[in-house]
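Engineer: this one's sequence-less:
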């Protein structure tokens, strides 16, 4: 087994890495909060969220707050496990 076998290519991009980092330490976050923290455009953030959602690493919950749409994201058990493996693999690389 090589040093980079557990590196997850999905987390290679800084925005997806940022999304996962935020969601792993918070119960959830809404679209605007993620956009603000990561300093990205709506379209850019949406495409990265869609990639993570397609891989079943995050879940999406849509609702309305004061008649305004609100989209919240949270990390799944699979997402948390894969992210942990990724971070452990990175840690081994720098040792």
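Structural biologist: Thanks, I have the structure now. The structure displayed is predicted, hence computed values, not measured ones. Numbering: from 1, shown residues only.
Engineer: CA only for contacts and neighbour counts going forward, please
Structural biologist: Will do.
Engineer: Tell me which residues touch the residue most central in space within the chain, please.
Structural biologist: Computing the C-alpha centroid of the chain and ranking residues by Cα atoms, centre = their mean puts residue 20 first, at 2.9 Å. Applying Cα atoms under 8 Å, 6 or more residues apart in numbering to residue 20 gives the contacts 75, 83.
Engineer: Now it: which helix or strand?
Structural biologist: Using DSSP states H and E, residue 20 maps to helix 14-25.
Engineer: Give the buried residues for that helix.
Structural biologist: Going by neighbour count (16 or more other Cα atoms under 10 Å), the buried part of helix 14-25 is 15, 16, 19, 20, 22, 23, 24.
Engineer: Pull out the buried positions in the helix or strand of the chain with the lowest mean pLDDT.
Structural biologist: Of all helical and strand segments in the chain, the minimum by mean pLDDT, DSSP states H and E falls on helix 77-94, at a mean of 92. Neighbour-count burial for helix 77-94, counted by 16+ other Cα under 10 Å, picks out 79, 80, 82, 83, 86, 89, 90.
Engineer: Any idea how far it is from the middle of the chain?
Structural biologist: 13 Å (Cα atoms, centre = their mean, to the nearest Å).
Engineer: try stretch 88-95
Structural biologist: Distance, stretch centre to chain centre, for stretch 88-95: 20 Å (Cα atoms, centre = their mean).
Engineer: contacts for the helix or strand residue 32 falls within?
Structural biologist: Using DSSP H and E, residue 32 sits within helix 31-38. Helix 31-38 is contacted from outside by 15, 18, 19, 22, 41, 42, 45, 70, 71, 72, 73, using Cα under 8 Å, 6+ apart.
Engineer: show me the contacts for the fourth one.
Structural biologist: Spelled out, it's residue 22. So residue 22 contacts 29, 34 (Cα under 8 Å, 6+ apart).
Engineer: gap between it and residue 30?
Structural biologist: According to Cα to Cα, to the nearest Å, residue 22 and residue 30 sit 11 Å apart.
Engineer: cool, and the second one?
Structural biologist: Taking Cα to Cα as the measure, residue 18 falls 14 Å from residue 30.
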